[in-house]
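# The following block contains a protein sequence and its predicted model.
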Amino acid sequence: MSQSFTNLLYHIIFSTKERRPLITSAYEPRLYEARTCDLRA
């Protein structure tokens, strides 16, 4: 039987309008933690 393998790689880039810094240092660690958990799933 033949086998098929798929390797999907995503490179996501986003920014805010006029490059405004909307993520404050108070929220930054929590956002990185949430993003890391999502990538591990």
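Alright, I've got the coordinates.
# okay, how far is it across stretch 3-13, tip to tip?
End-to-end distance of stretch 3-13 (C-alpha to C-alpha, to the nearest Å): 33 Å.
# what about that stretch, distance to the chain center?
Distance, stretch centre to chain centre, for stretch 3-13: 15 Å (C-alpha atoms, centre = their mean, to the nearest Å).
# For that stretch, report the contacting residues that lie outside it.
If you take C-beta atoms under 8 Å, 6 or more residues apart in numbering as the criterion, stretch 3-13 is touched by no other residue. C-beta coordinates here come from the backbone N, C-alpha and C atoms, glycine included.
# as a whole number, average confidence for it?
For stretch 3-13, mean pLDDT rounds to 85.
# Distance-wise, check residue 24 relative to residue 9.
According to C-beta to C-beta, to the nearest Å, residue 24 and residue 9 sit 31 Å apart.
# same question, residue 34
Separation of residue 34 from residue 9 (C-beta to C-beta): 21 Å.
# More neighbours: which of these two?
residue 34 (10 against 4; other C-beta atoms under 10 Å).
# and that one, what element?
Per DSSP states H and E, residue 34 falls inside helix 28-40.
# and residue 30, what pLDDT?
With respect to pLDDT, residue 30 scores 83.
# Now do the same contact list for it.
So residue 30 contacts nothing (C-beta under 8 Å, 6+ apart).
# Please shift the residue numbers so they start at 58 in all later answers.
Will do, 58 is the new start, and the previous item becomes residue 87.
# And it, how far from residue 93?
Residue 87 is 11 Å from residue 93, by C-beta to C-beta.
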